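Student: no FASTA, just this:
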């Protein structure tokens, strides 16, 4: 790229020539900047295309594997649980691809030389979250509501609401049952104390709610006791799998009369 001409080398040039030359240099600099911008956009699009090709190949491979496990020879088929995992991987990869496409589209729109010519993208309308879920409102106020005109504070005229789904991670807690003892200060009567509450597994740690969660995780969510023991250990509750098995066995025996009567 040639360096711009130094007009100071020509001190005797007429003023109109100097102005015309300066205007021409400005136009050239604008044109050069626009060309560099276009080259950057093209390079970004090329990188996007290469990334898409890689993702498409990945998706094609996963679709091929899924079809083989679903429609292939019996020896290659997976059990339903493995099929679900394969389908989840495929759906996750598709969602990842769509997210990357949307991100690059936003970059291309932002870098477009004429944003008005870019066709607006249709925003996906999110489905409403279930009404029965509790709502925790977090109001984010502006840093200042003082009106620049000096009239005082601005007045609230509306609001925008967005909802996001969250989950409070499971936590373990110890329920301490305290039964105070009362006695006559003169020693004339016996001790008064509330009866201990009945429990499904007397003399054991777990509450009925914890036993129900372990049973549902094992039988409905197909989570073996050894995996549940690992999860509990990560939460700082080291309980051996054999202990969980003992709890489940005793629970089954305790509720058997109710189950058998149905």
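Tutor: Received the coordinates, thanks. All figures in this text were calculated on a predicted structure; none of them were measured in a lab. Numbers count the residues shown, from 1 in each chain.
Student: can I see the domain layout of this protein?
Tutor: Listed domain ranges for the chain are 9-116, 172-184+200-255 (source: automatic domain parsing).
Student: Which residue ranges of the stretch 51-200 of the chain form helices?
Tutor: 80-111 (DSSP state H, counting those that start in this stretch).
Student: re the thing from before, which among the domains of the chain is found nearest to residue 131?
Tutor: Set against residue 131 and scored by CB to CB, these come closest in domain 172-184+200-255, at 24.3 Å. For glycine as for every other residue, the C-beta is placed from the backbone atoms N, C-alpha and C.
Student: Figure out how far that closest one is from the centre of its chain.
Tutor: Mean C-alpha position of domain 172-184+200-255 versus that of the full chain (CA atoms, centre = their mean, to the nearest Å) differs by 30 Å.
Student: repeat for stretch 23-41
Tutor: Distance, centroid of stretch 23-41 to centroid of chain: 42 Å (CA atoms, centre = their mean).
Student: do stretch 35-51 as well
Tutor: With CA atoms, centre = their mean, you get 30 Å for stretch 35-51.
Student: Same question for stretch 195-209.
Tutor: 37 Å.
Student: Buried residues, it. List them.
Tutor: For stretch 195-209, the neighbour count (16 or more other CB atoms under 10 Å) marks residue 206 as buried.
Student: Kindly report the same for stretch 35-55.
Tutor: 48, 55.
Student: Quick check: mean pLDDT of that stretch?
Tutor: For stretch 35-55, mean pLDDT rounds to 80.
Student: before we move on, what SS does residue 216 have?
Tutor: Look at residue 216: counting by DSSP: H, G, I helix; E, B strand; the rest coil, its state is helix.
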